[in-house]
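Asks: A structural model of the following input is requested.
(4 chains)
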Protein chains: 4
Amino acid sequence: MSSTYGTLFKISTFGESHGPAIGVVIDGCPAGLAFDTAFIQTELDRRKPGQSRITTQRREADEFEVLSGVFEGQTQGTPIALLIRNTDQRSKDYSHIAEQFRPSHADYTYQAKYGSRDYRGGGRSSARETAARVAAGAVAKLLLQQQGVQIQAYVSQVGTLTLQKPYQALNLALAEENAVRCPDPETAERMFQYIDDTRKRGDSIGGVVDCVITGVPVGWGEPVFDKLHAELGKAMLSINAVKGFEYGSGFAGVELYGSQHNDEFYTDDQGRVRTKTNHSGGIQGGISNGEDIYFRVAFKPVATIMQDQDSVDVHGQPVTVSGKGRHDPCVVPRAVPIVEAMAALVLADMYLRNKVAQVAGAAQHAEKEAGLL
Amino acid sequence: MSSTYGTLFKISTFGESHGPAIGVVIDGCPAGLAFDTAFIQTELDRRKPGQSRITTQRREADEFEVLSGVFEGQTQGTPIALLIRNTDQRSKDYSHIAEQFRPSHADYTYQAKYGSRDYRGGGRSSARETAARVAAGAVAKLLLQQQGVQIQAYVSQVGTLTLQKPYQALNLALAEENAVRCPDPETAERMFQYIDDTRKRGDSIGGVVDCVITGVPVGWGEPVFDKLHAELGKAMLSINAVKGFEYGSGFAGVELYGSQHNDEFYTDDQGRVRTKTNHSGGIQGGISNGEDIYFRVAFKPVATIMQDQDSVDVHGQPVTVSGKGRHDPCVVPRAVPIVEAMAALVLADMYLRNKVAQVAGAAQHAEKEAGLL
Amino acid sequence: MSSTYGTLFKISTFGESHGPAIGVVIDGCPAGLAFDTAFIQTELDRRKPGQSRITTQRREADEFEVLSGVFEGQTQGTPIALLIRNTDQRSKDYSHIAEQFRPSHADYTYQAKYGSRDYRGGGRSSARETAARVAAGAVAKLLLQQQGVQIQAYVSQVGTLTLQKPYQALNLALAEENAVRCPDPETAERMFQYIDDTRKRGDSIGGVVDCVITGVPVGWGEPVFDKLHAELGKAMLSINAVKGFEYGSGFAGVELYGSQHNDEFYTDDQGRVRTKTNHSGGIQGGISNGEDIYFRVAFKPVATIMQDQDSVDVHGQPVTVSGKGRHDPCVVPRAVPIVEAMAALVLADMYLRNKVAQVAGAAQHAEKEAGLL
Amino acid sequence: MSSTYGTLFKISTFGESHGPAIGVVIDGCPAGLAFDTAFIQTELDRRKPGQSRITTQRREADEFEVLSGVFEGQTQGTPIALLIRNTDQRSKDYSHIAEQFRPSHADYTYQAKYGSRDYRGGGRSSARETAARVAAGAVAKLLLQQQGVQIQAYVSQVGTLTLQKPYQALNLALAEENAVRCPDPETAERMFQYIDDTRKRGDSIGGVVDCVITGVPVGWGEPVFDKLHAELGKAMLSINAVKGFEYGSGFAGVELYGSQHNDEFYTDDQGRVRTKTNHSGGIQGGISNGEDIYFRVAFKPVATIMQDQDSVDVHGQPVTVSGKGRHDPCVVPRAVPIVEAMAALVLADMYLRNKVAQVAGAAQHAEKEAGLL
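Replies: Numbers count the residues shown, from 1 in each chain, chains lettered A, B, ... in the order given. Modelled structure (predicted):
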C-alpha cells in the first residue's frame, strides 16, 4: 500500500471508514505560513456527508484536531498532523458483507491482495479517506493563496445531463450556492432532480467535475515524468470512483488539425507572453504557461446501490448482495472539494519543486524575465 | 526536472534530441532475467522514425548498446544502462527557432523555467526521449512475459475517424501488419489516407491509442495514491502530446446507472472469481482483479506543422514561425510501442511492489487462494 | 524537514515535545502480521522517562492508541497510525529560553532555518520524538521476529568507563536487569555511580551503545548506496546526540593488516558458508552475510546541564543560560531501545526490499542455495 | 539494488569494473550552472589508478564524455549523463575466482543475494564504481563553489601511524602535494613508507580520511531523519571499505562532560552568531550552524592481498584463494577525492532542499537575519 504522496510537500494519510479515526501527516510544508484553522474546517464541511438529501445520511461532524507542526498560529516547518475522529460508524450495517464481495467495490481485490480486509464500510478503500486529503489540501490551498493561485471546481455533468457552457461563460462562485455544485442555477436544479430521482429508485449515477486554476505563474511542472498534467492526472485518478482525466482540449482535441489546435503566442499590453487560445489547458511540455489550467475528471456511478445483485462470497459460492448502508447516489457534488484538494496538493508540491529549477534564485528571475519578454 | 520514474523498477532517462546520445539507466530490475537483446531492438524498431511516408523522415538506426548490468546473458540485479547514439541530427534545421517560441511546443515554458533551452529539435522536450522509454519498457516486458503478462496497444481513432469495434471483436495481432497500427485492415487503410492527406496539406491530426493487457493476476496496484490506474494514467500523460486518459468505461461510463455499470461476480469453471462485465477495466479499488486491463489514451495533433503561424520571439516581439524540420503528421502509429512501454514499466513496478503486500510470501498464497475461493 | 524514513517499510513521525501529541504513521507494513499491543507498550516502557533517578523525572505514561491499520488483531497492509498523547508538559519551565539559544542545542539552527521555533522543551528537536520511533520500531521487531531476527543493544561505555568484554563474552539478556542497561552487573553498578555523580554535579556525560543482531539471513542490504551498514549508520546518526557510528572492526580496524582483518570462509557442519572471524560485522559489500551484525553508536553528553553557560539571545545579545527543566544526565540507558528500534526499522525495510532481488521468488531460492553451497 | 542517491540533486550510477563502461546520470542539477569540464576531469584524475607505486597499476585514462544536459557550456536543468569507458580490463586475471569467494569481498553476498555475479574484478561491487561518484561530485562541487562552499579531505591516519595535529593547525592545500594526500609533509613521507612496506609484503593496511567543509551557511540539513550528519554518514558508509564515521568530537566526545563539550555562543564583530568551540562539528540538531563542518571516515585494509587465504568455492568446498589482480595496498590516498565527492553530493542536495524551508523565499531571509541577530 502507498498512502504517501508528494516529493517536497508530502502527505501520509491513514484511517479506515469505521476505525477510530482518520488523519494525515503533512511533511514538508514550509515554515512561516499562517495556519487558518477556520478555513480548513470550512473545506472539510464542504466535503462532509449529510449536506442535503442527495448525499449520504451518515452523520460526521468531521471536526479536526491539530496534533503538531503549528505554534503561535504559524507552521514551523515540522510535520503537521491532523486528526479526525470517526463518530457515526454503524459497523453492524456491514456485518452482512463480511463474507461477500460487493460488485465493483474493492472487497475482492483487497481480500486477494492482503489476505484479509476490514469490511466495515469498505475499510481503507472507503471514500471516507478523502476527508484527510481535503484537510491536507486546505493547508496546500493556504500556501497557494499566498502565491495568488485560486482553484475552483464544479460539476459539469450528471449522467447524460451536460452543462453546455464553457467555464469562461460561467460565474464559478455560484457553484457553492447549490447542493449539486453546478455554477449554472438552472442546470443545477435539473441535476438535483436527476440525482434525486436516481436515489429514489435505489440506483446511482456518474458525473464529471471540471476544475479551473488561475494565477499559476509560468514554470510549474517537472518533466519528463512529473509533468504538471501527469501529476494532476495521477492525483485525480487516485480519488475513489474516477475513471478518466483530460486537460485542455482533452479527448475532443484529437479531432482537430494542428493548425486549429495550436495556441499561437502574442505579447499582451503588460508585456506578458500569452496564448490566443488555450487548447493546451495552461500546460505546455508539462510546465504551466501562465494561462488558466483547466481539466476534467470523470466519476463512475457509485457502486453501492439499493438493489439486489449477483455476486460470490469469500468461498466462491454464489450469493445475492442486498443494498444496505448509507451512500451517495451521485458522488460528484461532494467530489468537488476533493478534486480541488488533490489539485492543491499537486500544485503546492510543484511550486516548491520549481524553486530549485535554476541556480541562485534564478527561477524568480526567469518568471520576471518571462513577464518582460 | 524529474527524469526518474518508478519505486522498485526505477528508470532514469537522459538525452536531448540533438545531443550526442539518449539513454536510460534501469535501477531495480531483478537478477536472473534472460536479457533478450534482439527483442529490445525489435521494440526500438517499432518506434523508430522513417517507417513509412506517414512518419517523420529523420533517419535514426536507434541501435542500442548495453553498458552495464548484464553478464553472461542475464541481468545481475545491478543497474542496466542502455545507450542510443543520435546520428541524424540536422541541427541547422533548427537555428531559425533559436529565438522563437513555436506555438504549442515547450519552447516558451522551458525557456521561462530554466532560463535557457537547447532549441535544437526541442532538446529534452522532444519525443525522441521516448526511445529511451521504449528500451527500458522492453526490459520490463521481458520481466512481465515471464509472469504471463502480455501488452498490446493499437490505434483506435485518427481525427474524426473511429474504429467502431470493441477490442474483443478484433485480432489485435493485425495491428502490427500496417503502418497505422490499427488492427482492422479496412479502417487502417482509411486512417492511412487520412493521415497522408493531412501530411500533404502540411498539417497534423490527433488520435487515440487503446491498450489491452492480459494475464495480470489479482493484486497489482498500491492504493490509496499509487492505484494501478493512477500510475498508468500518470505514465501515459507523461508521454509527449497526450491530453487524456480513461480506463474501463471511462468518460462514457458516467452516463450509466450503477445498476448498469457494476460488474457482477461469478465463479468460473476453474474456480476463479470473475466478473460478468468489465466496466472496471480490470481494476477495482486501484488493484488488478484478474480481468483484462483496458485503457485509452488521447493524443493531440502534433504541434509542428508546415504552415506559417503567429508567435513571439524571446524578446516578446511578434514573429512568424515557419514550419521546417522533419515531423510526424500524426503521432499515434509510433505512439503504440511507447504506450506499451510505459504500461510495462508501471506493471513491472507494481509486480515487484506486490511481492511485499503480505508477510511470509503471502501474496503468492493469496493469489492461489483467490483462485480457490 | 524530513520526518519520513524508509523505502517499503516507511514511517512518518510527528509531534513536538510540548504539543498535544506525538505519533507515527507506518505505511508499508505487510498484511497478516499479528499485532501484539502489549509488546509495543513494553518497548515504549523501556524508553519512557522516570525509570530511575539517573533518568529525567518528566512523567509520561507513554500509552499509545492504535488509530488505524489493524483489524481483528492483524495488520491489514494499510497505514498503521500510533498516537501518544503528551501529558506532563511543564511548558512554563521553558518560557525563560523563548528568546535564548541554549549551547549545543538546536535552538539557534532551527530558528535560523525556519524563522521561528517551538521553544518549549526543544519542540520538534526534542528526543521526545524518539518515542514515536520506538513504537514504529516495535512493529518492525514483530515482523523481524517472525523471520527469526533478534536485536539486542546495551551500554558499553559511560564517559571514560568502558566495558572491557566483547559481546560474545556477555549474557546480553542481563542488560535489561539494571538501570544502566549494561549486561555486566559489576560494570553496570560502576556506571550507575558515574552517572549519578555526574547528575549531582548538575553535569552530563556521554556514552556508547553497542548493538548485536542475530538471525539475519544472507542477502539483506541494497548496494551501492543503500548498503546495510550505510542505512544503519544513517538511522543511528539520526538519533538525537549521536556523534559516531562504526560496525564490525570499526575505527580500530584501520590499524590491522588485510592479512589480519580478512574473514576467511569455511563451510560449517550444516553446510552453511560461514566466516572464521567477523571483522566484517556481519556485512560484506553492504549485504548481510549471515553472521551476527554488530555495530557501535557514540552519544555525546546531553546538552542540557544544571549550570550557567554563556550564550546569546535571538537579538544576538550576550546572555547567561541557566540550567532548568528536566533532563537525563546520560542518555545511553534510555537510548538502548531507541537504537534497537531504528535498527529494526532499517532491517524490516531491507527484508522487504530483498524480496525483489531476483526474479520468480529467487531470493528465497538463493538463500537456500547459499546454505547448500 | 539501489544505485540512486539524493532527493533533489539525484544521481544514478551504473557500471561494472570490467564491463564496457561506468557512468552516472544526474537528475536535478539546476539550470544555469557553468559546466567546467576541465575541473571535472581534474577531479577524476585525482581518483584514477596508477598515480604512484602505492596505488593500483591498472591503467585507466578515466576520460569522460558528456552525453546530455549541457548546452552552450551551461547546465539546462535536464539530466546530465557522464560516461567513462573502461579500457584496461584484464578480465582473464579474474577467471580463477569465477568459482571462488574471496575473503572479505562481496563475492559471496552478491552470489547469494542475486543468484549470480559478474566476478571480473568484483563487478558492481568494485571501487571502480566510485569514479562515477567523483564525476557527479565534481558537478556538485561546481554548484557549491558558487555558494562559497569548499570541501577539503586529507589522510590523517595509515595503520597505526596518526597525524597528531588538528586540521586548524594544518595547511590543507598541502595534501595534494604528495602521493599519500596527507597535508603534513613529514608524516606524509612516513605514511608513504608504511604503505610501500605493506605493499612489498603483499599485504594491505587501513586508514582514516578527515574532511573539512567551509563556507556552509546556517540552515542546511533536514531533521529528523535526514539530518546533515546522518546523510553525510550514510554517504561515507556507502563508499567501499568504510567501517566508521564520526563528526565533531565523535567517539572521543563521549568521554567529556556536558560542561566541557557544549559549544557556547557569542556574537562576532560582524554580528554573526558563532560558537567558541566546535565540538558540534558545524552541525547542531542536524542542521549546519555556520561553523566548519568536520568529520572522519575509517577505511579498513583492502581485502585483496597477495597472499594465500583459506576460503570456499561456490559449491562450499574448501579452496585456497591466491592473490592476483591489481589493487591498492591502502585505499585512503585515492579515497580522499571520493570522500569529497560524496560530501559534495550530500551538500548540494541539502542546499537545494533548504530553499523550500520557509515560505516566500524566507530561507534567504532567515540566513540574513541569522547574521544580524
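
Asks: Going by C-alpha atoms from here, please, whenever you check contacts or count neighbours.
Replies: Noted.

Asks: Would you mind giving the secondary structure of the nearest residue to A:Ala127 once chain neighbours are set aside?
Replies: Excluding the flanking residues, the one nearest A:Ala127 by CA to CA, 6 or more residues apart in numbering or on different chains is A:Asn240, at 6.0 Å. Counting by DSSP: H, G, I helix; E, B strand; the rest coil, the backbone at A:Asn240 sits in coil.

Asks: Tell me the pLDDT of A:Lys368.
Replies: Here the pLDDT value assigned to A:Lys368 is 50.

Asks: Now tell me what touches the helix or strand hosting A:Thr109 from outside.
Replies: Assigned by DSSP states H and E, A:Thr109 belongs to helix A:107-114. For helix A:107-114, the external contacting residues (CA atoms under 8 Å, 6 or more residues apart in numbering or on different chains) are A:100-102, A:116-117, A:119, A:122, B:218-220, B:284-285, B:287-289, B:354, B:357-358, B:363, B:366-367, B:369-370, C:30-32, C:76-77.

Asks: Restricted to strands, list the residues you listed.
Replies: Members of the contacts of helix A:107-114 lying in strands (criterion: DSSP state E): B:284, B:287-288.

Asks: now, among those residues, which is nearest to C:Ile26?
Replies: When these are ranked by distance to C:Ile26 (CA to CA), B:Ile287 comes first, at 20.5 Å.

Asks: Surely that closest one touches B:Pro223?
Replies: Yes: using CA atoms under 8 Å, B:Ile287 makes contact with B:Pro223 at a distance of 7.4 Å.

Asks: Neighbour count: those two, which is higher?
Replies: B:Ile287 (28 against 23; other CA atoms under 10 Å in any protein chain shown).

Asks: Quick check: closest non-adjacent residue to the more buried one.
Replies: B:Gly221 (4.4 Å).

Asks: residues touching that neighbour, list them.
Replies: Here B:Gly221 is in contact with A:1, B:227-229, B:286-288, B:350, B:354 (CA under 8 Å, 6+ apart).

Asks: Check A:Arg353 too.
Replies: A:7-8, A:220, A:222 are the contacts of A:Arg353 under CA under 8 Å, 6+ apart.

Asks: pLDDT score for it?
Replies: Looking at A:Arg353, the pLDDT reads 97.

Asks: that older thread, are any of the contacts of helix A:107-114 buried, and if so which?
Replies: A:100-102, A:116-117, A:119, A:122, B:218-220, B:284-285, B:287-289, B:354, B:357-358, B:363, B:366-367, B:369-370, C:30-32, C:76-77 (16 or more other CA atoms under 10 Å in any protein chain shown).

Asks: The residue of the stretch 151-300 of chain A found nearest chain C and B:Val224, how far apart?
Replies: Using CA to the nearest CA, the closest approach of the stretch 151-300 of chain A to chain C is made by A:Ser238 at 15.5 Å. Separation of A:Ser238 from B:Val224 (CA to CA, to the nearest Å) stands at 6 Å.

Asks: which neighbours do these two share?
Replies: With CA under 8 Å, 6+ apart, A:Ser238 and B:Val224 have common neighbours B:Gly286.

Asks: So if I had to pick from the two, which one is more boxed in?
Replies: B:Val224 (27 against 24).

Asks: tell me the contacts of the more buried one?
Replies: A:1-3, A:125, A:238, B:286.

Asks: How about A:Pro337?
Replies: Contacts of A:Pro337 by CA under 8 Å, 6+ apart are A:43, A:46-47, A:134, A:153.

Asks: Would you mind naming the helix or strand containing it?
Replies: Going by DSSP H and E, A:Pro337 is in helix A:332-354.

Asks: With just CA atoms, put that helix into CSV.
Replies: Below are the C-alpha coordinates for helix A:332-354, written out as CSV (Å, rounded to 0.1, in the frame of the first residue of the first chain):
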residue,chain,number,x,y,z
VAL,A,332,-19.8,14.5,-7.9
PRO,A,333,-21.3,17.2,-5.6
ARG,A,334,-19.1,16.0,-2.7
ALA,A,335,-16.2,15.3,-5.1
VAL,A,336,-15.8,19.0,-6.0
PRO,A,337,-13.7,19.8,-2.8
ILE,A,338,-11.8,16.6,-3.1
VAL,A,339,-10.8,17.4,-6.7
GLU,A,340,-9.7,20.9,-5.5
ALA,A,341,-7.8,19.4,-2.6
MET,A,342,-5.8,17.0,-4.8
ALA,A,343,-5.1,19.8,-7.3
ALA,A,344,-3.8,21.9,-4.4
LEU,A,345,-1.5,19.2,-3.2
VAL,A,346,0.0,18.7,-6.7
LEU,A,347,0.4,22.5,-7.2
ALA,A,348,1.9,23.1,-3.7
ASP,A,349,4.5,20.4,-4.5
MET,A,350,5.2,21.8,-7.9
TYR,A,351,5.5,25.3,-6.5
LEU,A,352,8.2,24.1,-4.1
ARG,A,353,10.0,21.9,-6.6
ASN,A,354,10.2,24.8,-9.1
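
Asks: re the thing from before, would you confirm that the residue nearest to A:Ala127 contacts A:Arg124?
Replies: No: at 11.1 Å, A:Asn240 does not count as touching A:Arg124 under the criterion of CA under 8 Å.

Asks: Look at those two and report which has more neighbours.
Replies: A:Arg124 (30 against 24).

Asks: where does the more buried one fall, phi/psi-wise?
Replies: The phi/psi pair for A:Arg124 (degrees, to the nearest 10) reads phi -70, psi -20.

Asks: For it, give its distance to chain C.
Replies: 7 Å (CA to the nearest CA, to the nearest Å).

Asks: What of A:Ile26?
Replies: A:Ile26 is 9 Å from chain C, by CA to the nearest CA.

Asks: give the contact list for that residue.
Replies: Here A:Ile26 is in contact with A:9-12, A:79-81, A:136 (CA under 8 Å, 6+ apart).

Asks: For the nearest residue to A:Ala348 once chain neighbours are set aside, report the pLDDT, please.
Replies: For A:Ala348, ignoring the flanking residues on the chain, the nearest one in space by CA to CA, 6+ apart is A:Ala140 at 5.7 Å. Looking at A:Ala140, its pLDDT reads 98.

Asks: any low-confidence regions in the stretch 201-350 of chain A?
Replies: In the predicted model, the stretch 201-350 of chain A carries pLDDT under 70 at residues A:325-326.

Asks: OK, now which residue of it is nearest to chain C?
Replies: A:Asp349 (14.1 Å).

Asks: Can you give me the neighbour number for that residue?
Replies: A:Asp349 has 23 nearby residues by other CA under 10 Å.

Asks: Spatially nearest residue to it (excluding sequence neighbours)?
Replies: Using CA to CA, 6+ apart, the closest residue to A:Asp349 is A:Phe9 (4.8 Å).

Asks: who are the neighbours in contact with that neighbour?
Replies: A:26-29, A:345, A:348-349, A:352.

Asks: Could you single out the nearest of those to B:Ser249?
Replies: Once CA to CA is applied, the member of those that ends up nearest B:Ser249 is A:Leu345, at 27.1 Å.

Asks: pretty sure that closest one is touching A:Val134, no?
Replies: No: using CA under 8 Å, A:Leu345 is not in contact with A:Val134; the gap is 9.5 Å.

Asks: how about the strands in the stretch 151-300 of chain A?
Replies: Secondary structure of the stretch 151-300 of chain A, counting by DSSP state E, counting those that start in this stretch: strands at A:161-162, A:207-214, A:242-247, A:265-267, A:273-275, A:283-284, A:287-288, A:293-299.
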